[in-house]
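Colleague: Model the structure of this input:
(chains A, B, C and D)
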There are 4 protein chains.
Amino acid sequence: MRLGMIGLGRMGANLVRRMVAGGHQCVVYDHNPDAVRALADEPNTAGVHSLAELAAQLPAPRVVWVMVPAGAITTGVIDELTGLLTDGDVVIDGGNTYYRDDIAHAKTLAAKGIRLLDCGTSGGVWGRERGYCLMVGGDRTAFDHAEPIFATVAPGVDCAPRTPGRNGPITQAENGYLYCGPTGAGHFVKMVHNGIEYGMMASIAEGLNILHHANIGAQTQPGDAETAPLANPEFYRYDIDIEQVSEVWRRGSVIGSWLLDLTADALHTSPDLAEFAGRVSDSGEGRWTVIAAIDEGVPAPVLTTALYARFSSRHLFEFGAKVLSAMRKQFGGHDEESS
Amino acid sequence: MRLGMIGLGRMGANLVRRMVAGGHQCVVYDHNPDAVRALADEPNTAGVHSLAELAAQLPAPRVVWVMVPAGAITTGVIDELTGLLTDGDVVIDGGNTYYRDDIAHAKTLAAKGIRLLDCGTSGGVWGRERGYCLMVGGDRTAFDHAEPIFATVAPGVDCAPRTPGRNGPITQAENGYLYCGPTGAGHFVKMVHNGIEYGMMASIAEGLNILHHANIGAQTQPGDAETAPLANPEFYRYDIDIEQVSEVWRRGSVIGSWLLDLTADALHTSPDLAEFAGRVSDSGEGRWTVIAAIDEGVPAPVLTTALYARFSSRHLFEFGAKVLSAMRKQFGGHDEESS
Amino acid sequence: MRLGMIGLGRMGANLVRRMVAGGHQCVVYDHNPDAVRALADEPNTAGVHSLAELAAQLPAPRVVWVMVPAGAITTGVIDELTGLLTDGDVVIDGGNTYYRDDIAHAKTLAAKGIRLLDCGTSGGVWGRERGYCLMVGGDRTAFDHAEPIFATVAPGVDCAPRTPGRNGPITQAENGYLYCGPTGAGHFVKMVHNGIEYGMMASIAEGLNILHHANIGAQTQPGDAETAPLANPEFYRYDIDIEQVSEVWRRGSVIGSWLLDLTADALHTSPDLAEFAGRVSDSGEGRWTVIAAIDEGVPAPVLTTALYARFSSRHLFEFGAKVLSAMRKQFGGHDEESS
Amino acid sequence: MRLGMIGLGRMGANLVRRMVAGGHQCVVYDHNPDAVRALADEPNTAGVHSLAELAAQLPAPRVVWVMVPAGAITTGVIDELTGLLTDGDVVIDGGNTYYRDDIAHAKTLAAKGIRLLDCGTSGGVWGRERGYCLMVGGDRTAFDHAEPIFATVAPGVDCAPRTPGRNGPITQAENGYLYCGPTGAGHFVKMVHNGIEYGMMASIAEGLNILHHANIGAQTQPGDAETAPLANPEFYRYDIDIEQVSEVWRRGSVIGSWLLDLTADALHTSPDLAEFAGRVSDSGEGRWTVIAAIDEGVPAPVLTTALYARFSSRHLFEFGAKVLSAMRKQFGGHDEESS
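Modeller: Okay, the predicted model is just below:
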C-alpha cells in the first residue's frame, strides 16, 4: 500500500522503515525539512514539503498516518488535513492523543467524509525491530482498509508463544494489533495500558528500593529523638547486588517482564544509576487513566499511587510537608531533624 | 496522693505541675540534676537524686509515673525499679512505649509483685493547661488505686459538650481517661490514636497543598515534552489565602478540629512556613499502627500512605525514582527534565 | 435585608430560619408547594409559587439564594433566573456546584448584568443551630452587598476561641465566612474542604476498624493454606470498647474534632452500627478534589485512597479481584478460600 | 548428585522430577505415604518412610532439600533434621519461610555443624517445565557444594535473550539462580519478589477493571442523590473485549510479562471469570515486604495498596465502612443507598 506519514521523529521514522521493509511505499512529511531529507533517500520513500503535496501523491482512498505530539499539534494537523483530504480517505492518529480529543477530531473529519482511526502505539524505541503493539478504534470499514498496514507494523504472532488453548487460525490480537471499538476505543485501551505500565514500573522500583536499603541495620543509627529508631537492626544487614537480582528474576520467576528486562539492562550499564536525579516525568496517560477510574467510580489505588510517586519525586508535595512539620511543631514542640 | 515522677522533660514537668495544682504531692527525679532543681522549688514537690531515694520517700503502695523516652531508656528504668519497689506497688508508664514492650515489662515487674499500668498520654505541649487524654491498660486494681491521679491529669468533662443522649453520671471516658483493658491495651489505643493523627494531618496537608497550587494555570507553562501540560489552565487561576481559609474552617465546618486550630495558628504566625524544610519525622506509632493493620489483615491505606508521605519527604524513595527514570530512558529514550 | 430563597429542602429551610432569626426577611420558593406551605407560616417569611413571583417581591438590587441539587437542576434555575432578574441583581449559589460550572453560570448571568456568588456551605443538618461555614467566590461588589446575609448565616466568632496572636478586630474568617476570590473560588475551597473531610473520616474509620479487630489473636485460626496465619496472636487479644474510646478521645487528645464528636454520638446510639451495611456513597466533591490534584500535578494519596475505599465498599473492584484470583490459580494452582 | 527431598506436594514432586531429569538421584520422603509411593516408581528415585531412613541413604556430606509449608511445619522438620544430620551436611529450605525464621533455623542447625541454605523458589506450577528462579542465602561453601542442584533446577540462560552488553561467560544470575548473601538473604529477595508480584498483579487487575466498566455511560443512571452522577457519559460508551485486549498486549507492548500471559490464558478459558468470587488470598510475603519497607523507613505505597486491595476483597473493612456511613448520617442526614 502507498500511504502518507506525517511526523518523522523517532517513532514516525521507525514506523516508516518498518512499513517499507514490509513492502509498503511511504510519502513522508515533517515540518523540519532535515527530517524529511534524512528519510527520503531510503528505498520506496518519497519526501514532500507540505501536506498538500503529500495529499497529491497518494492514491484514493488516501491513508495518512499522523505521528506528531499529542494535543494542539495533532489537532492542528487534523484541521489542515480536513481541508486537503476528501470523502473516503482515512487518517490514522498513531500518537498519544487523549481519547476525548479523538471524538472531537472524528467529528471535524466526518464533516468532509474523512474517517479517523485512533491507534494506540506501544513499543517505544525498540519497536522498529520488535514491532509495535497496536490498539485501534474508529470506523470499522476504515480499519479493514488499513489492516495491511497494521499487520506490517505489529510484531506478528511469532514473538510470543501462543496462549494455551488457542489452536485455530491466528487472530488479529495474536498478531499484535486489535480493533477495539468506535472512535476513541484504541486510545482508551492504550491509555489504560500506560496506566498499568505506571503501576508495574512502580512495583519494580519500590521493590528494588527496599532491597537497596536492606543493609540499614548495619549502618550507624544516630541518636535522634525525632525519628523512630530501627527496633531490629539484625534483620537488615544484607548487601544485595541489585544488578544481579534484576538479572536472575528474568528467568523463571513470576515477575518476568519486558520492564524487568529493561531494568536489568539499565542496571548492567550503570549499577548505581548515578546519572539520574530521580525526577520522574509523566506524559498524560497515567493522569487520564486515574480520571477514568474516578469517573467510572472504580478504585485504582495502585495506579494512582504510582502516579503520585512521580509527582512527589518532583517535590510537588513540599508545601504540604511544611504544613505537617508546622503542625508537629505546634502540638509537640518538635523541630525538624536536620538533613 | 503522694506519688513519684521519673523524667522531667517537657511532658513530665508539666504533668507534675498539673498534678500538684490538683492537690497531689510529687517526689520528682530526672537523670539531669538541673531538671530536678528547676522543679523542686515549687510547692508540694520534692526533688530526689536517685531512684532509690524516690522509692524511699513514697508511702506504700507506691505509685511511680515514668515519663522517659520509649525504648531502651524506659526498659532500663523499669528494670531498675524492679529492684527498688515491692509487692503491691504500681508503675505507670506514661510514655510512648510500644505495647508489645509493655507485655515484657509487666512480666519483669510481676516477678516482684509490682503492677504495671501502660498509659497513653495525648495532649502535647498544651496538656498542662488543657489536660491530657489518657488511655490506660494493665492491672484493674492498680488502675482503681491510681484513678485519682488520672482524674486530675485528664481534662475533665467540661472541656467539650456532652455527647447527645449521655445524661446519666459522668463516665471515665467523659472525664478524659479510660481503662482500656489488660497490659498493653492503653498503649495500643494510643498507638491507633496516633495513626489516626497521621491520617488527619496528611488530609489537611494535602488539601492545603492543592489550594497552594490552585493558581498553576496562571503561571507560564514551559514547553516540556516530558511532562503533561495542563489541559485546562482556565480552571486553575485562583490565588487562595490559605491562612484565612484555615481560619474560616475553624467555625461551623465539618472538618473543625484541634489539628486545624493548630494549623491556623502556625499559618497566622508564618503564612508561607518558610522556616520549615518539609522533612517530616515520624516517631514510631504510625509505623506500629500499620504493622497492626497488616497483622490483623485489615486495610489501612489512608493511615499507611500518610506514613509513606513522611518517608518520601525525607527523600527515601530516591533510588526507586532513579529506577523509574532509568526505565523511561530505556523504553522511550526519555531524558529526565531538568529541575 | 429582604432576599429570596429557592429550594426549601433540609438545608434551604434551615437557612431561611437562621436568616429570619437574624433579622432578615425571606421570600421562599420550592417546586414542591408543600415545602413552601410548611415554611410560609413562619414570621417574616413569604411563600411564592413561581420564580417570577419571587422576583417581583424583592427590592432592587435583588438578592436570591439558590439551594437546590447541584448539576442540571441548579443550571436550570440559573437559566430561568437569567430571564427574570436584571442588571445589578445578585444570585448566590449555596449548593455543591462544581466550580467549573460556576464559571459557565457566571457567564450566562453576566450577559444580563446579573452577578453570581458561588458559596460553599458547610455544616450539614446541624447548621441551623451552629451556623454554617461559608466560602464565597465571585464578584467582590456583590459580596460586599450580600455580606450582612453571610454574617448572619455564619457561626460568628464566639463558637471557637480566637487563634493565639489574633488580637485586633474580628475578621471575616473569624466570623465564619470568607471571600475567597473570583468566580468558582468559593466552591473550589469548599471542594477541597470536602476532600479533607473524606481523608479525616477515613482516618477515623481505619483506626476504629483496627481496634475492632484487635482481638483477632483470641479467635480460633482455622488451618488455611491460602491465607497467612497470624504469627503473633499474643499481641492481638484486646477487646476494646470502641464507643468508650471514641468518647475519651473527645477530650484533650490531638485528634479531637467535630467528626469524632459525631462518631461518638453514632456509637453511643448504636455501638455495633448494625443498621448500616457499609456501602458508602460519595457525592462529587471528593472526586473533583482528586481531579484537581491530578491537574495540578500534586500528590494527594490520602484523599484519593479515602475516595477509593468508598468505591470498594460498594463492590466496584469485584471484576479486578476476580482477575487476581484467576492469576493466582494460573501460576500457583491456588483455589479461592471459601467465604 | 544424590540428595534427599522432604515434602512431595506439587512443588516438591516437580522439583524431584526436574532433578532426576537433570541427572541427579533423589531419596524422597513425605509424611503422606501415598505421596512417597506415587513418586518412588520413577527412575533414580527412592522412597523412604522416615527422616532417619532418608538420612541413612545419603552420602556425606548430605544434601537435603526441604519443601514443606512455611512456619511451624518447616521448623518441626528442621528440628528433627538437627538430630539426624551431622557436621558438614547441608539443608536447603526451598519453601516460603520468613527470612527471620531462617536466622533462627540456621542457629539451631549450626549447633551441630549443619549448614542451612535458604532458597526462594519462584515458578509455581509451571516450574517443572520452565525451570525455577532460585534466590539463595546462607553459608557460601554450602552453596558451592550444592550448586549443581541449583543449576539443574534453574531455567538456564536460554529461556530469555541475554541482556545487551552481557557478552562474557554466562553468570549464575543468567542461568536463573543467584547466591544473594548470608542466611536469610535468599528468602529476603524472594519476599521482595513476591511484593513486586502483588503490585504487578494489582496493576493489571485495576487496568482491566477500568476497561470492564468502560461502558458505564451507556447504562441507565438511576436518579440517586447519594452518589455522584457521571458528568460525561458520552466518554464511557465502550464495550471492550478484555480477553482480546489481554492477548494483544502480549506482543510488542511495554507491559508484556508472564503475568499478562497467564491473564490472557485465564480470560481465554473463562472470559467473564464467573467461577471466581473475587476473594483474594495472601500468603505472607506481601505482608512481610510491607513490614520491611516500614522498618527501613522507605515508602512502598504501590505494594502496600496492592496488599490492602486483597484484604478489602475479603470484606475486612466492613466495620470501618459502617463507621463512614454512620458519620455521613450524622452530619448530613444521608441514608445509605440500597444495594
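
Colleague: ok, now how distant is the closest residue to residue A:78 other than its chain neighbours from residue C:185?
Modeller: Spatial nearest neighbour of residue A:78, chain neighbours left out: residue A:105 (4.7 Å); criterion: C-beta to C-beta, 6 or more residues apart in numbering or on different chains. C-beta here means a position set from N, CA and C on the backbone, and glycine is covered the same way. Between residue A:105 and residue C:185 the computed distance is 34 Å (C-beta to C-beta, to the nearest Å).

Colleague: Confirm that the residue nearest to residue A:78 sits in a strand.
Modeller: No - read with DSSP: H, G, I helix; E, B strand; the rest coil, residue A:105 is helix and lies in no strand.

Colleague: which residues touch it?
Modeller: Residue A:105 sits next to A:74-75, A:78, A:93, A:97, A:116 when contact means C-beta atoms under 8 Å, 6 or more residues apart in numbering or on different chains.

Colleague: What of residue A:13?
Modeller: Contacts of residue A:13 (C-beta under 8 Å, 6+ apart): A:35, A:38-39.

Colleague: What is the three-state secondary structure of it?
Modeller: What three-state DSSP gives for residue A:13 is helix.

Colleague: Identify, from the contacts of residue A:105, the entry nearest to chain D.
Modeller: Of all the contacts of residue A:105, chain D sits closest to residue A:97, with 13.7 Å by C-beta to the nearest C-beta.

Colleague: ok, and the closest non-adjacent residue to that closest one?
Modeller: Nearest residue to residue A:97, sequence neighbours excluded (C-beta to C-beta, 6+ apart): residue A:70, at 4.7 Å.

Colleague: Helix, strand, or coil at the one you found?
Modeller: Assignment for residue A:70 (three-state DSSP): coil.

Colleague: which residues in the stretch 101-250 of chain A form helices?
Modeller: For the stretch 101-250 of chain A, applying DSSP state H, counting those that start in this stretch gives helices covering A:127-130, A:140-153, A:172-175, A:185-212, A:242-248.

Colleague: Which among those helices is found nearest to chain D?
Modeller: helix A:185-212 (2.9 Å).

Colleague: Just want the angle from that closest one to helix D:185-212.
Modeller: 160 degrees (axes from the mean of the first three to the mean of the last three C-alpha atoms, to 10 degrees).

Colleague: quick one: is helix A:185-212 near chain D?
Modeller: Yes - with C-beta under 8 Å from any C-beta of the partner chain as the measure, helix A:185-212 is seen reaching chain D through A:185, A:188-189, A:192-200, A:202-204, A:206-207, A:209-211.

Colleague: show me where chain A has strands.
Modeller: A:2-6, A:25-29, A:45-47, A:63-66, A:90-93, A:115-122, A:133-138, A:177-181 (DSSP state E).

Colleague: Adding distance to chain D and mean neighbour count, write the ones you listed out as TSV.
Modeller: As requested, the strands of chain A are exported to TSV (distance: least, C-beta to the nearest C-beta, whole Å; neighbours: other C-beta atoms under 10 Å in any protein chain shown):
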stretch	distance to chain D	mean neighbour count
strand A:2-6	19	23
strand A:25-29	20	23
strand A:45-47	23	20
strand A:63-66	17	24
strand A:90-93	17	28
strand A:115-122	4	28
strand A:133-138	4	30
strand A:177-181	4	27
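
Colleague: right, and those strands - which one's nearest residue B:51?
Modeller: Nearest of the strands of chain A to residue B:51, taken as C-beta to C-beta: strand A:115-122 at 69.2 Å.

Colleague: Identify the residues contacting the residue of the stretch 51-200 of chain A found nearest chain B.
Modeller: As assessed by C-beta to the nearest C-beta, chain B sits closest to residue A:124 within the stretch 51-200 of chain A, at 4.0 Å. The contact partners of residue A:124, taken as C-beta under 8 Å, 6+ apart, are B:331-333, D:254.

Colleague: Farthest pair within those residues?
Modeller: Largest separation among the contacts of residue A:124 by C-beta to C-beta: B:333 and D:254, giving 12.9 Å.

Colleague: Comparing these two, which residue is more hemmed in?
Modeller: Ranked by neighbour count (other C-beta atoms under 10 Å in any protein chain shown), residue B:333 and residue D:254 place residue D:254 first, with 24 against 12.

Colleague: any idea how far that one lies from chain C?
Modeller: The spacing between residue D:254 and chain C, counted by C-beta to the nearest C-beta, to the nearest Å, is 19 Å.

Colleague: so how far is chain B from that residue?
Modeller: Taking C-beta to the nearest C-beta, one finds residue D:254 at 6 Å from chain B.

Colleague: per-residue confidence for that residue?
Modeller: pLDDT for residue D:254: 96.

Colleague: mind listing what it touches?
Modeller: For residue D:254, the contact set (C-beta under 8 Å, 6+ apart) comprises A:122-124, A:193-194, A:197, A:258-259, B:331.

Colleague: May I ask which of those has the most neighbours?
Modeller: residue A:123 (29 neighbours).

Colleague: Can you tell me the closest non-neighbouring residue to that one?
Modeller: In this structure, residue A:123 finds its nearest non-sequential neighbour in residue A:132, 4.0 Å apart by C-beta to C-beta, 6+ apart.

Colleague: Need the phi and psi values for the one you found.
Modeller: Main-chain torsions, residue A:132, degrees, to the nearest 10: phi -110, psi 140.

Colleague: Fine by me, thanks again.
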